[in-house]
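Participant: fold the following.
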Amino acid sequence: MSSATSPLDTEWLARETGRLLDFGRDFAHPLGGAAWLRSDGTPDLGRPVYAWITARMAHVYSVADLLGVPGAGPLADAALAGLTGVLHDKRRGGWHPSVAPDGVPATGKSCYDHAFVVLAAASGTLARRPGARELLTEAVDTMVRRFWEPEAAMFADEWDSGWQRLDGYRGLNANMHAVEAMLAAFDATGDRECRERALAITERAAGWGRAHGWRLPEHYDSRWQPRLDYHRERPQDPFKPFGATVGHALEWSRLILHVEAAFGSAAPDWLLPAAEALFGQAVADGWAVDGAPGFVYTTDWDGTPVVRQRMHWVAAEAIAAAATLYRRTGTPDYAEWYKIWSDYVRGHFVDMEQGSWWHELDTQNRPAATTWPGKPDLYHAVQAMLIPRAPLAPGLAAACASGAVR
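Facilitator: Next comes the predicted model:
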């Protein structure tokens, strides 16, 4: 590929950040926390209040507050109030995965949800939002005490509501977001154990990637043995799909570089090669492989596409990964990929009429809703607009707090 202008020279990033943040301003749910947003940005009050959406919106608007966006602070507070209020299990500790419109909590306690609570609380702490530091202390303690498995150096996936029965499933998705959460907690607290956990998880993930041709197994048993056929009958599952998830390989490639940067000169030398290998295989397997631009959602273990729908979060992570690798290496190919995918997003995902991005497109790049109806939250899209403007370390909220995001 030819050389290209640095991703940091694009004005679209800042402009689109503001447009996305404007779209999400009506997220507040009457029960507390964040509602699922419809395609026009109105709250869908018939759906539950989800912990992961609420935490993501708390994170996004805390970061926006650090950027000086008018009105972002109170919006962050509204989302954080959902995490300290309706979604918080005050009797047994931890956070409910969701609360139905009638106020009844869903069962179980999920590491995925708790990782986002840590991220939200860390960003809120750096933004000096009321109650965020206390929330962060409790969230990190709960996550480590309940989910961390020291011998595996990984987080388990799901407990029952009363912390009595640990499910036998283990998953890489929750651990990927745990890496992000632990780095954010390190930024907010200086706790080096959080940073060490992020590296330990990353080392295991890279090892599995290396052993499987850089197609990352997502699903494991209780002994952390890969379950390569898991959910073969449910390939479009929104959180646990069958096969290799192209977007997660891209996301891991970026997170690996954040881990490397967090450790500085003490970082292991395998991190950059692992990031580049995951990125390269994901692009080869996923980008425009079926006659139309866009990333397929998942592939089989030989790289054959399984689910061909285009998810907005995959394109968002591709933009962020390309920009991050360009910043780390200076290799022009990564800047060129950034430009290609930014143009693709602007041409297909960005909804200039109603706002935000379509969350899913079909194989012909038309809006679809097979897996993701509506436009539930802003997390992936906003981060894709900010990460190319940020240093590799510290993390996004800390970089915004220091004025390092341009």
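Participant: just the helices in the stretch 101-250 of the chain please.
Facilitator: With DSSP state H, counting those that start in this stretch applied, the stretch 101-250 of the chain shows helices at 111-126, 132-147, 172-189, 192-211, 246-263, listed in chain order.
Participant: and the last one, what does it pack against?
Facilitator: Packed against helix 246-263 by the contact rule (3 or more CB pairs under 8 Å, 6 or more residues apart in numbering; DSSP states H and E) you find helix 172-189, helix 192-211, helix 271-286, helix 312-329. Every C-beta, even on glycine, is put in place using the N, C-alpha and C of the backbone.
Participant: could you tell me the angle between it and helix 172-189?
Facilitator: Put simply, helix 246-263 runs at 30 degrees to helix 172-189, going by axes from the mean of the first three to the mean of the last three CA atoms, to 10 degrees.
Participant: correct me, but Leu255 touches Ile201?
Facilitator: No - counting by CB atoms under 8 Å, Ile201 is not a contact partner of Leu255; they are 9.5 Å apart.
Participant: flag the shaky bits of this structure, pLDDT-wise.
Facilitator: Within the chain, the segments meeting pLDDT under 70 span 1-9.
Participant: I'd like the helices and strands packed on helix 246-263 as CSV, with distance to Phe116 and mean neighbour count appended.
Facilitator: Shown next, in CSV, are the helices and strands packed on helix 246-263 (distance: least, CB to CB, whole Å; neighbours: other CB atoms under 10 Å):
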stretch, distance to Phe116, mean neighbour count
helix 172-189, 6, 25
helix 192-211, 15, 19
helix 271-286, 22, 21
helix 312-329, 14, 25
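Participant: want to throw the ones you listed into JSON lines with distance to Ile340?
Facilitator: Listed next are these as JSON lines, based on distance: least, CB to CB, whole Å:
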{"stretch": "helix 172-189", "distance to Ile340": "24"}
{"stretch": "helix 192-211", "distance to Ile340": "24"}
{"stretch": "helix 271-286", "distance to Ile340": "10"}
{"stretch": "helix 312-329", "distance to Ile340": "8"}
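Participant: neighbours around Pro74, how many?
Facilitator: Using other CB atoms under 10 Å, Pro74 has 11 neighbouring residues.
Participant: contacts only, for it.
Facilitator: Pro74 makes contact with no residue, according to CB atoms under 8 Å, 6 or more residues apart in numbering.
Participant: quickly note the distance from it to Arg25.
Facilitator: From Pro74 across to Arg25, the span is 10 Å (CB to CB, to the nearest Å).
Participant: between the two, which contacts overlap?
Facilitator: Between them, Pro74 and Arg25 share no contacting residue, judged by CB under 8 Å, 6+ apart.
Participant: contact partners for Val345?
Facilitator: His312, Ala315, Ala316, Ile319, Trp357, Ala384 are the contacts of Val345 under CB under 8 Å, 6+ apart.
Participant: doesn't it fall inside a strand?
Facilitator: No - under DSSP: H, G, I helix; E, B strand; the rest coil, Val345 sits outside any strand and is assigned helix.
Participant: find the residue closest to Ala178 in space, skipping its chain neighbours.
Facilitator: The spatially closest residue to Ala178, leaving aside those adjacent along the chain, is Ala115, at 4.6 Å (CB to CB, 6 or more residues apart in numbering).
Participant: what sits against that neighbour?
Facilitator: Contacts of Ala115 by CB under 8 Å, 6+ apart are Met143, Phe155, Ala174, His177, Ala178, Glu180, Ala181.
Participant: save the residues you listed as CSV, and put in distance to Lys240 too.
Facilitator: As requested, the contacts of Ala115 are exported to CSV (distance: CB to CB, whole Å):
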residue, distance to Lys240
Met143, 20
Phe155, 15
Ala174, 10
His177, 14
Ala178, 16
Glu180, 19
Ala181, 19
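Participant: in stretch 250-264, what's buried?
Facilitator: By neighbour count on 16 or more other CB atoms under 10 Å, the buried set for stretch 250-264 is 250-262.
Participant: what does stretch 18-35 give?
Facilitator: Under the neighbour-count criterion of 16+ other CB under 10 Å, stretch 18-35 has 19-21, 23-24, 27-29, 31-35 buried.
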